[in-house]
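Participant: Pasting a predicted model and its sequence here:
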Amino acid sequence: IRARVVALADEAQLPASRLDVATGTLTPSERVRLHLARAIALDPRVLLLEHPTGDLADAHERASIGRALHDIAERRGIGWIAFTNDRAFADAAHGERRTLDVTTGALARQRWWQR
């Protein structure tokens, strides 16, 4: 079991040295990575994330989380949907923005980054 936990942490880019500490002592970024590792533990086909980087102020760290999500999704062949307004995260995750019209329920495709 320990080997599987270490592998999941590595995949989510959570340092193995942080696995033995109380979760309350983890940084906000480490907590996001812990949640990501837990989410992929059951080998899902799709991940659903709600404002995954909402507690992270640093744009570089938010982008790092996005890259980790992208890498995990590519390696495992899984899809993901994130409800977020975080451009740094979405750009790094190679996300696509869709805006919900709450009056009609329609989704409109919008790309918010430039390549």
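Facilitator: In hand now; what should we look at?

Participant: Okay, buried residues for the host helix or strand of residue 35 please.
Facilitator: Secondary structure from DSSP states H and E places residue 35 in helix 28-40. For helix 28-40, the buried set under the neighbour-count rule, 16 or more other C-beta atoms under 10 Å, comprises 29, 30, 32, 33, 34, 36, 37, 39, 40. C-betas here are computed from N, CA, C, even on glycine.

Participant: confidence score at the spatially most central residue of the chain?
Facilitator: Closest to where the C-alpha atoms of the chain average out (C-alpha atoms, centre = their mean) is residue 69, at 4.6 Å. Residue 69 carries a pLDDT value of 97.

Participant: Use 37 as the first number for this chain going forward.
Facilitator: OK, 37 is where the count begins now, so the last one is residue 105.

Participant: Check the gap between it and residue 76 for me.
Facilitator: As judged by C-beta to C-beta, to the nearest Å, residue 105 and residue 76 stand 10 Å apart.

Participant: before we move on, what about residue 41?
Facilitator: Here the criterion is C-beta to C-beta. By it, residue 41 lies 12 Å from residue 76.

Participant: what residues are shared contacts of residue 105 and residue 76?
Facilitator: Shared contacts of residue 105 and residue 76, defined by C-beta atoms under 8 Å, 6 or more residues apart in numbering, comprise residue 83.

Participant: Name the SS class of the closest residue to residue 51 other than its chain neighbours, please.
Facilitator: Distance criterion C-beta to C-beta, 6 or more residues apart in numbering; nearest residue to residue 51, sequence neighbours excluded, is residue 45 at 7.4 Å. Following DSSP: H, G, I helix; E, B strand; the rest coil, we place residue 45 in the helix state.

Participant: quick one: strands adjacent to the worst-scoring helix or strand of the chain on mean pLDDT?
Facilitator: For the chain, using mean pLDDT, DSSP states H and E, the weakest element among its helices and strands is strand 143-146, scoring a mean of 74. Sheet neighbours of strand 143-146, with direction, are listed as strand 133-136 (antiparallel) (DSSP bridges).

Participant: Since that was my last question, I'll sign off now.
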